[in-house]
Structures are given as structure tokens and as C-alpha cells.
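> Model the following, please.
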Amino acid sequence: MQLYGKGILFRLRNKNQGNVKLAKAIDRLIQDLENAEVDSISEIGLIRRDAEKVHNAGYYFMDIHIHRTLILIVIEERQATIVWAGNHQDYERTLKTTKRASKNG
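Just a heads-up that it's a prediction; the model follows:
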């Protein structure tokens with residue numbers, strides 16, 4: 001499968017520089033997604049047993065080395081796009097900012 005948005009995972013890896021196990025786990029995630037033969041987001045659990053669906057829009061929690069990470073992945077026609085990745089605090093910060101902006105706009 002084609003994988004777009006890998007830079008998001010590379011930034012996560014660079015942010016945690018020195019964590020060799022996390023870096024290897026991110027590389028493994030990229031490899032798993034690129035080697036996957038799935039057509040829909042619902043099939044991610046077949047290739048990544050650590051994928052826990054938390055929203056129907058394609059939000060998944062994944063245990064990337066004991067680093068609980070939320071990743072937004074969109075899969076369409078054998079193409080996967082990583083839209084966002086971060087920890088739970090990053091997610092709450094992003095969500096709160098979005099909610100405030102929509103209330104004020």
C-alpha cells in the first residue's frame with residue numbers, strides 16, 4: 001500500500017530522539033503499513049494487532065513501543081495517509097483548540 005504522511009511519524013521519532021526502541025517501533029509501523037494489502041480502514045486491525053479503533057472516522061490508538069500514540073489514518077483505494085500523530089495530551093490540546101475556534105468563529 002502507498003503510505004503518505006510519513007514525515008509526521010519521523011517528527012514523532014525526532015521529538016523522542018535517543019529512544020532507540022521507539023524509533024525501531026515507528027520504522028516497523030511504517031513497514032507494516034507499506035506492506036499491507038488492505039482496502040479499508042477497518043482492516044488495519046488485521047495487520048496491526050495493537051490498533052484500537054476509538055472513532056469511526058479513522059482514529060486509532062496504537063502502542064508504539066509502550067508509547068501510547070494516537071494516529072489519524074485515512075485509507076482509500078490501497079493508499080494510507082497519516083494525517084496526525086501524537087500522545088493523548090497532544091490530542092486534547094488539538095481538540096480543545098479546534099473546539100474553541102469553532103465556538104468563536
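
> Report the buried residues of stretch 60-72.
60-62, 64-65, 69-72 (16 or more other Cβ atoms under 10 Å). (Glycine included, C-beta is placed from N, CA and C.)

> Span of it from start to end?
End-to-end span of stretch 60-72 (Cα to Cα, to the nearest Å): 6 Å.

> Name the surrounding residues that touch it.
12, 16, 19, 21-22, 24-26, 29, 44, 48, 50-54, 57-59, 73, 82-88, 90-91 (Cβ atoms under 8 Å, 6 or more residues apart in numbering).

> Now intersect the buried residues of stretch 60-72 with the strands, please.
60-62, 64, 69-72 (DSSP state E).

> Check these and tell me the two furthest apart.
With distances taken as Cβ to Cβ, the most widely separated pair in these is Ile64 and Leu72, at 14.2 Å.

> Need the contact partners of the host helix or strand of Leu33.
Using DSSP states H and E, Leu33 falls within helix 20-35. Residues from elsewhere that reach helix 20-35 (Cβ under 8 Å, 6+ apart): 1-3, 6, 9-10, 12-13, 16, 47-48, 62, 64-65, 67, 73, 80.

> PyMOL command to pick out the buried ones of the residues you listed?
Typed into PyMOL, the line below selects the buried ones among the contacts of helix 20-35, using 16+ other Cβ under 10 Å:
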select buried, resi 1+3+6+9+12+13+16+48+62+64+65+73+80
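
> Low-confidence ranges, the chain, go.
39-42, 57-58, 95-105 (pLDDT under 70).
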